[in-house]
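> 3D, please:
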Amino acid sequence: MEIISQDTDFNLAIDQIEKLKPDVIIWVNTGLKQDVAGEETYLLQAVPDIKIVSLNFQNNDITIHQGARKTMRVAQDVQDLITAIKDNLFPKPTSRVEGLPAA
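You can find the predicted model right below:
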C-alpha cells in the first residue's frame, strides 16, 4: 500500500482524487451526521467506481462503499482497517468446468 496524496480541504481532496484516480480513498470524517452524509454522497457521485473506506473516530465505525454496495464494521485494531482496504465487496467470479456440478 502506498499513500499518494492527503488533504484536509474537501475541494482540494476531490481535485486530487479526480486527478490521481487512486484504488482506495480513506476518508476520515468528523462524526457529525450532517457533514458525513453530505461529504460521502458527494464523493460517491464524484468518483462512483472508486472504493471509499470512511473512518469515524467518534465510534470506530468503518464504512466501506464500493459501487452501489455498502458495508459497515467496527474497528477493534489496525488490522480491521487493513482488511477493510483489501477486501472486495463484490463477489468473486466463479467458473464452472463442464461436467462438474456448480459450486
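> in the protein, which helix or strand is least confident?
Within the chain, no helix or strand scores below helix 33-46, which has a mean of 70 by mean pLDDT, DSSP states H and E.
> any idea which residue sits dead centre in the protein?
What sits nearest the mean C-alpha location of the chain, by Cα atoms, centre = their mean, is residue 52, with 2.1 Å.
> mind checking the SS state of that one?
Using DSSP: H, G, I helix; E, B strand; the rest coil, the structure places residue 52 in strand.
> my read is that it contacts residue 22, right?
No - if you go by Cβ atoms under 8 Å, residue 52 and residue 22 don't touch, sitting 10.1 Å apart. Any C-beta I mention is one placed from the backbone N, CA and C, and that applies to glycine too.
> residue 77 - how many residues pack around it?
Neighbour count for residue 77, taken as other Cβ atoms under 10 Å: 8.
> which phi and psi does it have?
Backbone geometry at residue 77, expressed as degrees, to the nearest 10, gives phi -160, psi -180.
> if I look at it, how far off is residue 62?
Counting by Cβ to Cβ, to the nearest Å, the gap from residue 77 to residue 62 is 11 Å.
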